[in-house]
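In: Give me a 3D structure for the following:
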Amino acid sequence: MLATLITAAVVAPISAATAHPDIPAPAPAHIGTVTPTTLDRAYAANRANAAEASRMAAAHGDRDRASAVHAMADPERHYLAFDARGPGRAVEVFGDLPKTDRVAVLVPGSDTTLDTYERFREGAQTLHRRLGTRAAVVAWLGYETPGTISPEILTTARAADAAPELRSFIAELRELNGRARISLLCHSYGTAVGARAASGPDISDLVLFGSPGTGVESAADLRTTARVWAGRGADDWIADVPHGLADLFGTTVGYGTDPVSPAFGARVFAAGDGGHSDYFRPGSESLDNLARIVLGRTSEVTRA
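Out: Numbering: from 1, shown residues only. Predicted coordinates:
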């Protein structure tokens with residue numbers, strides 16, 4: 001019954017899932033360990049890879065993918081990683097990563113691919129503008145997100161597979177900047193990924209917004225030293241997702257305790273009256289509070 005309710009609550013608001021066509025693409029550029037002195041070369045190599053991926057997609061006859069990836073090869077774009085195979089992966093940087101004192105890593109939710117990447121990127125850009133030069137932002141599409149209409153959306157298994165990739169990336173950030181405070185800002189299904197990756201000492205703040213749950217019953221179960229925050233807009237349909245865990249034919253389905261509930265134990269911040277895709281809306285209460293958390297101005301965060 002829980003699986004049926006979760007399916008209805010998650011799938012109903014979405015009209016269709018994003019297809020992931022089988023489009024030819026080059027293997028990722030061989031970069032090796034990225035350091036402050038090799039960062040520009042890494043950026044250039046990944047842009048060149050995106051340009052080649054666009055040419056291959058165009059030759060294959062997929063204009064949409066060719067156009068999307070062509071935009072990603074713009075000389076002003078900066079990628080720590082890029083892979084156009086399948087649904088694709090991209091890790092884009094906004095700001096001067098080696099010199100900043102604060103880094104916000106954004107982790108997306110379901111149906112985020114290279115084909116839908118621009119909407120994810122727009123949120124990262126908006127946050128970076130709000131933060132100014134005081135912080136860098138990383139848009140981390142470093143895992144294959146589940147489709148909203150798919151069996152994977154019923155469990156946190158995809159998140160468990162993705163969490164080691166995120167932990168590894170955080171370690172790479174430490175090589176580039178050993179002093180910056182790192183915040184994980186996780187949206188929707190991405191909250192289950194971030195929750196599993198925040199167990200080390202490198203994360204100062206774990207922020208969960210638009211979350212169906214993380215797969216655990218309380219913030220204490222995350223075993224993280226980071227401050228754990230949670231927020232949900234008043235018009236976010238994710239509030240209708242049933243909370244809890246259940247065994248269904250040997251598979252655990254569900255997401256556990258609602259992160260904004262008192263039982264979870266997070267610091268609940270006010271996220272305004274927006275919907276599921278409005279957390280980075282310019283001028284919104286949610287954007288202001290996310291920026292305050294990243295900048296360490298926690299006493300100024302408005303609580304729900």
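
In: Make sure Phe82 is indeed in a strand.
Out: Yes. Assigned with DSSP: H, G, I helix; E, B strand; the rest coil, Phe82 falls within a strand.

In: Tell me the confidence at the closest residue to it other than its chain neighbours?
Out: Once flanking residues are discounted, Phe82 sits nearest to Asn46: 4.0 Å by Cβ to Cβ, 6 or more residues apart in numbering. Where you see a C-beta, it was placed from the backbone N, CA and C, and this is true even at glycine. According to the prediction, Asn46 has pLDDT 98.

In: thinking Asn46 is in contact with Asp83, fair?
Out: No. In this structure Asn46 lies outside contact range of Asp83 using Cβ atoms under 8 Å: 9.2 Å.

In: Now do the shared contacts for those two.
Out: Pro28 (Cβ atoms under 8 Å, 6 or more residues apart in numbering).

In: Does Ala42 belong to a helix, a strand or coil?
Out: Assignment for Ala42 (three-state DSSP): helix.

In: burial measure for it, as a count.
Out: Burial of Ala42 is recorded as 21 neighbouring residues (other Cβ atoms under 10 Å).

In: what's the answer for Asp40, then?
Out: 10.

In: And the helices in this protein?
Out: Under the criterion DSSP state H, helices of the chain are mapped to 2-11, 39-60, 63-72, 117-131, 157-176, 190-197, 285-294.

In: Highest mean neighbour count out of these?
Out: Ranked by mean neighbour count, the helices of the chain are led by helix 190-197 with a mean of 28 (mean count of other Cβ atoms under 10 Å).

In: if we look at that one, which residues are touching it?
Out: Contact with helix 190-197 is made by 107-109, 143, 145, 156, 159-160, 162-164, 166-167, 170, 184-186, 203, 206, 208-216, 222, 255, 259, as judged by Cβ under 8 Å, 6+ apart.

In: Quick one, which of those are buried?
Out: Buried members of these, counted by 16 or more other Cβ atoms under 10 Å: 107-109, 143, 145, 156, 159, 162-163, 166-167, 170, 184-186, 203, 206, 208-216, 222, 255, 259.

In: and those, which of them are in strands?
Out: Secondary structure from DSSP state E places 107, 184-186, 203, 206, 208-209, 255 of the buried ones among the contacts of helix 190-197 in strands.

In: Skipping adjacent residues, who's closest to the spatially most central residue of the chain in space?
Out: The centroid of the chain falls nearest to Val107 when counting by Cα atoms, centre = their mean (1.2 Å). Sequence neighbours aside, Gly190 is the residue nearest to Val107 in space, at 3.8 Å (criterion: Cβ to Cβ, 6+ apart).

In: What's the per-residue pLDDT of the one you found here?
Out: pLDDT, Gly190: 96.

In: buried ones in stretch 103-117?
Out: For stretch 103-117, by 16+ other Cβ under 10 Å, it's 103-117.

In: Next: stretch 140-151.
Out: 140-149.

In: Looking at it now, give me its mean pLDDT.
Out: 86.

In: so how far is stretch 49-63 from its chain's centroid?
Out: 25 Å (Cα atoms, centre = their mean, to the nearest Å).

In: Just the residues contacting it, thanks.
Out: Stretch 49-63 has contacts (Cβ under 8 Å, 6+ apart) with 21, 23-26, 28-29, 65-67, 69-70, 72-73, 77, 79, 82, 84.

In: Run through the residues that contact Val294.
Out: Each residue near Val294 by Cβ under 8 Å, 6+ apart is listed here: 102, 104, 127, 131, 135, 183, 185, 205.

In: want to try TSV for those residues, with distance to Arg281 and pLDDT as columns?
Out: Listed next are those as TSV, based on distance: Cβ to Cβ, whole Å; pLDDT from 0 to 100:
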residue	distance to Arg281	pLDDT
Arg102	21	98
Ala104	17	98
Leu127	11	98
Leu131	15	97
Ala135	19	97
Ser183	19	98
Leu185	15	98
Asp205	21	98
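
In: Take those residues and write them to CSV, including distance to Ala51.
Out: CSV is the format used below for these (distance: Cβ to Cβ, whole Å):
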residue, distance to Ala51
Arg102, 32
Ala104, 28
Leu127, 27
Leu131, 29
Ala135, 29
Ser183, 32
Leu185, 29
Asp205, 36
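
In: pLDDT below threshold where in this protein?
Out: Low-confidence segments of the chain, defined by pLDDT under 70: 1-21, 151, 248-250.
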